[in-house]
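Colleague: return atomic coordinates for the entry below.
(4 chains)
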There are 4 protein chains.
Amino acid sequence: MIKVSVVGAKGRMGLHVVEAVNNAEDTQLALALDAGDDLTQITTDNTDVVVEFTVPSVSLNNVLTLIGQGVDVVVGTTGWTDEKLAQVKSAIANGPKPETQKVFIAPNFAISAVLADYFATKAAKYFESAEVIELHHPTKVDAPSGTAIHTAHGIAEARKAAGLAPVPDATETDGGSRGQVVDGIHVHAVRLRGLNAHEEVLFGNAGEQLTIRADSFDRTSFMPGVLLAVRKLAGDAPAGLTIGLDHFLDL
Amino acid sequence: MIKVSVVGAKGRMGLHVVEAVNNAEDTQLALALDAGDDLTQITTDNTDVVVEFTVPSVSLNNVLTLIGQGVDVVVGTTGWTDEKLAQVKSAIANGPKPETQKVFIAPNFAISAVLADYFATKAAKYFESAEVIELHHPTKVDAPSGTAIHTAHGIAEARKAAGLAPVPDATETDGGSRGQVVDGIHVHAVRLRGLNAHEEVLFGNAGEQLTIRADSFDRTSFMPGVLLAVRKLAGDAPAGLTIGLDHFLDL
Amino acid sequence: MIKVSVVGAKGRMGLHVVEAVNNAEDTQLALALDAGDDLTQITTDNTDVVVEFTVPSVSLNNVLTLIGQGVDVVVGTTGWTDEKLAQVKSAIANGPKPETQKVFIAPNFAISAVLADYFATKAAKYFESAEVIELHHPTKVDAPSGTAIHTAHGIAEARKAAGLAPVPDATETDGGSRGQVVDGIHVHAVRLRGLNAHEEVLFGNAGEQLTIRADSFDRTSFMPGVLLAVRKLAGDAPAGLTIGLDHFLDL
Amino acid sequence: MIKVSVVGAKGRMGLHVVEAVNNAEDTQLALALDAGDDLTQITTDNTDVVVEFTVPSVSLNNVLTLIGQGVDVVVGTTGWTDEKLAQVKSAIANGPKPETQKVFIAPNFAISAVLADYFATKAAKYFESAEVIELHHPTKVDAPSGTAIHTAHGIAEARKAAGLAPVPDATETDGGSRGQVVDGIHVHAVRLRGLNAHEEVLFGNAGEQLTIRADSFDRTSFMPGVLLAVRKLAGDAPAGLTIGLDHFLDL
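Modeller: Residues are numbered from 1 along each chain as shown, chains lettered A, B, ... in the order given. Okay, here's the model as predicted:
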């Protein structure tokens, strides 16, 4: 049994994590803490892995505290900058177990989204054309999604490495219908009531198309990825800071 | 048997029309003419309906000539302006059979595309969100397609007539990923090698989505629509100028 | 303000109806009753329209009681047989307001699904091929869905009325991959964890395809249809028993 | 420049191969032979790689002859049994260059289809549900496609290796709508006029879906795969018999 503590346990994601930890056969809930609770209650005696899902403004401090406690941490909060990540690395190096401390941060725990992004990068060099369409609910404040930008960069890098020419395009496109060009790849964002978070990657050659699509219908979609990360940290994940669920998938 | 003459018979579309007319059980090929041929060979003695598929620069003159011959015409050539259409109407009024002359012009003969456009207009007032994605081969010079703009206008008009609020949207969308806004409706254009001509209309309410998609894989997709128009002109189509295949569909 | 009472107010659907009635600007909640509550509390003094979402075993009695109270009823419960419907009609005829009583029963309140079904029936006669794919969560006990069977029948009837030949098919199909044949139309059922209720209708001619797809992601998808029915019963809906949301859509 | 001879040069696929070889910058056409032509004209003097696209009844003999000539062969003809493959291996072993002879046979040269199949196998173990839908033109004689069966087997094997439970399913499915069960995976075949060859693989977990789709719109879709194989055989492909384009993709 893996003993899992949850920080941010009353938040929208935290509630799902608590339920997932309670329901899985190989995990059990240790402490469920939220804003105002003392994180130093979490120790290696009562906890194998902590799952931290809070907000960007407090997540760094939480993670630094938890590293100081010597417990391994899965972080789902977003908003990590290079500077913040450097502070995490420094905290590990100066913490109580620099050789064995594990910290895992992921921008996306939906396995379908992580796989789609990975497959898109692998497929990219075999197609003359590639575009990305992401679709979200209209209350998402920004467009396009960070995931779509990440996918576009991955495709662009794979094309460059393979020496591909730029994607062919229409020439009279003044009105903006061709979307946002990210590193040479056109990215389109749809905002539609009823949707949650979706991404579709289209590849084309003469006579053929490959489409890879990931749909996240609700927050439960992140739980298999969270549990996978918990098991990896309790298992054979490497020490240090790891970023991205693709590192824990066997691809 | 409907006797059909084809003008532009050696063009990309004309070749398909000749084949379709030869293959259908209720039509037979009369004259197959192309650039340089004398259109006054076409008369009501040898021809019931003419199909004209040429280029915008000559199509108006062809149609005026054919009206002068008193034969009914199905026109597939694009590029019709209000001014040109007025000339056609005038020619009918001053022609040999002002009461019975039939001229039919359609911007799109693909039945799937015409139905998709029609259904989108009917569905529009029942959904909070609506967006249009069109997808074409990358050698199409412009973006978005005229069909997508037409669909967006139809949706916008139906929403206004029903008193709907503007579609909900993201607020931070500087990069252009949200596409071209046509009358309040976001239109996205994908250009992908391997594709031909495709349009997808997305409608959303809380918890539900309706998607209507038309795919035209090649030029044979226009032939059922051309034959439908030919039969209508040889049959019960109203006299005068009719624009748009939706007028000949039983919807 | 339309005064709406809800019967089955604590059920899965009823909870959503109560919330929808509270949130809409033109409706207000009157009584919210559930199993064991006395339905004769509902009168024309306190209620304009009742929404009944219970279970098949009690729904008929509820509806008969409400007709006896002289209140108009929107029924979302399933399981209506011809015999039960006859009892409803008889109760209306013998009730306190036979000339003005309105009862509305719908097998599906998702507007996207009702529109998809309607559009499929309209499109059917223009295509050589037609197939239906429905996709649901794997805990739905039966396959295919009643909606898919209804759609297949509608397509089949439209094809027959238009004199179309049977759909073309493969000849070596022993293994069952071609799905269930409903009135000549092939119906495929997918059962996939993560899905809710979805239907896709595919139409094909040489060179073209038309796809109509309805996605119901969760129960909130039924609320716009429920509110539409409530408004119609409080407004210009005809007296008597009406079955099917398509009667209330302007198509 | 890679010198390429084509056997079956007047066949439907052969014509495309000749065109592709002529158009590519790094290949040039050597001999274009068809039924009745003497294959011993093809020698290592005039040819680097042969592309053989004929029919199952003659393909084995053609390949054996070409091995006897010591030229490397890309084979696109289908219908290879274990017995026939054993004959090819034996011919290589007893041929003029047993250490360096290269023969490549592929059931599918569409890169999108090969990638979809490969990605499906990699994704399989991360999802509770998986189904395969293949869609083809209605003149394809059999259903489901060999590619769909191959994909289903690959998914089933990956699930077994990972210890996954059987896919969850509906329980009342007598009518056949759930399709053909291949090694525990449900496979659906759609036959629709206008389509060519398409495959969609659906994976589902609670709250999420991954969809991988390959579309082959026409025979030109096979040419990038054929040229890739030609280049590999002229380059660093291993000696001996290789089966499947996935061996030549960098995945």
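Colleague: now the nearest residue to residue A:203 once chain neighbours are set aside: phi and psi?
Modeller: Nearest non-adjacent residue to residue A:203, counting by Cβ to Cβ, 6 or more residues apart in numbering or on different chains: residue A:127, 3.8 Å away. Yep, even glycine has a C-beta here, placed from its N, CA and C like the rest. Backbone torsions for residue A:127, taken as degrees, to the nearest 10, come to phi -130, psi 140.
Colleague: same check on the one 10 residues further on?
Modeller: Here is the backbone geometry of residue A:137 (degrees, to the nearest 10): phi -60, psi 150.
Colleague: and if you look at residue A:41?
Modeller: phi -60, psi -30.
Colleague: in this structure it contacts residue A:30, no?
Modeller: No. Assessed by Cβ atoms under 8 Å, residue A:41 is found out of contact with residue A:30, at 9.6 Å.
Colleague: more neighbours: the two, which one.
Modeller: residue A:30 (22 against 13; other Cβ atoms under 10 Å in any protein chain shown).
Colleague: contacting residues for the more buried one?
Modeller: A:3-5, A:42, A:46-48 (Cβ atoms under 8 Å, 6 or more residues apart in numbering or on different chains).
Colleague: residue A:100 too?
Modeller: residue A:239.
Colleague: alongside chain D, which residues does the stretch 101-250 of chain A contribute?
Modeller: A:110-113, A:115-116, A:119, A:122-123, A:125-127, A:203, A:205-224, A:249-250 (Cβ under 8 Å from any Cβ of the partner chain).
Colleague: so residue A:122, which state does it fall into?
Modeller: Three-state assignment for residue A:122 (DSSP: H, G, I helix; E, B strand; the rest coil): helix.
Colleague: repeat that for residue A:247.
Modeller: helix.
Colleague: count of residues packed around it?
Modeller: Around residue A:247 there are 15 residues (other Cβ under 10 Å).
Colleague: what do you get for residue A:65?
Modeller: When neighbours are counted by other Cβ under 10 Å, residue A:65 comes out with 17.
Colleague: surely it meets residue A:40?
Modeller: Yes. Between residue A:65 and residue A:40 a contact is recorded at 6.9 Å, counting by Cβ under 8 Å.
Colleague: which of the contacts of residue A:30 sits closest to chain C?
Modeller: For the contacts of residue A:30, the closest approach to chain C (Cβ to the nearest Cβ) belongs to residue A:4, at 23.3 Å.
Colleague: show me the contacts for the residue in the stretch 51-200 of chain A that chain D sits nearest to.
Modeller: Nearest to chain D in the stretch 51-200 of chain A, going by Cβ to the nearest Cβ, is residue A:112, at a distance of 3.9 Å. Contacts for residue A:112 (Cβ under 8 Å, 6+ apart) come out as A:214-216, A:221, D:127, D:203, D:205, D:208-210.
Colleague: need the phi and psi values for it.
Modeller: Residue torsions, per degrees, to the nearest 10, at residue A:112 are phi -60, psi -40.
Colleague: okay, it: pLDDT?
Modeller: Reported pLDDT at residue A:112 in the predicted model: 97.
Colleague: what do you get for the one 3 residues further on?
Modeller: The score at residue A:115 is 98. That number is its pLDDT.
Colleague: that one: which element?
Modeller: Using DSSP states H and E, residue A:115 sits in helix A:111-123.
Colleague: what's the next secondary structure element after that helix?
Modeller: Taking DSSP H and E, what comes next after helix A:111-123 is strand A:129-136.
Colleague: pLDDT on that following strand, on average?
Modeller: 98.
Colleague: so it, near chain B or not?
Modeller: Yes. Using Cβ under 8 Å from any Cβ, strand A:129-136 reaches chain B at A:129, A:131, A:133-136.
Colleague: what sits against the closest residue to residue A:164 other than its chain neighbours?
Modeller: Distance criterion Cβ to Cβ, 6+ apart; nearest residue to residue A:164, sequence neighbours excluded, is residue A:125 at 6.5 Å. Shown in contact with residue A:125 (Cβ under 8 Å, 6+ apart): A:158-159, A:161-162, A:164, D:250.
Colleague: of those residues, just the buried ones, PyMOL syntax please.
Modeller: To isolate the buried members of these in PyMOL, using 16 or more other Cβ atoms under 10 Å in any protein chain shown:
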select buried, chain A and resi 158+159+164
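Colleague: other residues contacting the lengthiest helix in chain A?
Modeller: When chain A is parsed with DSSP state H, its longest helix is helix A:146-161. By Cβ under 8 Å, 6+ apart, the residues outside helix A:146-161 that reach it are A:78, A:107-108, A:113, A:116-117, A:120-122, A:124-125, A:130, A:132, A:134, A:182-185, A:187, A:189, A:197, A:199, A:201, B:177.
Colleague: whichever helix or strand comes after it vs chain B: in contact?
Modeller: Once helix A:146-161 ends, the next helix or strand along the chain (criterion: DSSP H and E) is strand A:180-182. Yes. Counting by Cβ under 8 Å from any Cβ, chain B has neighbours in strand A:180-182: A:180-182.
Colleague: any chance of those in a markdown table, with neighbour count and distance to residue A:193 too?
Modeller: A markdown table is the format used below for the residues of strand A:180-182 next to chain B (neighbours: other Cβ atoms under 10 Å in any protein chain shown; distance: Cβ to Cβ, whole Å):
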| residue | neighbour count | distance to residue A:193 |
| --- | --- | --- |
| A:180 | 23 | 22 |
| A:181 | 16 | 27 |
| A:182 | 20 | 26 |
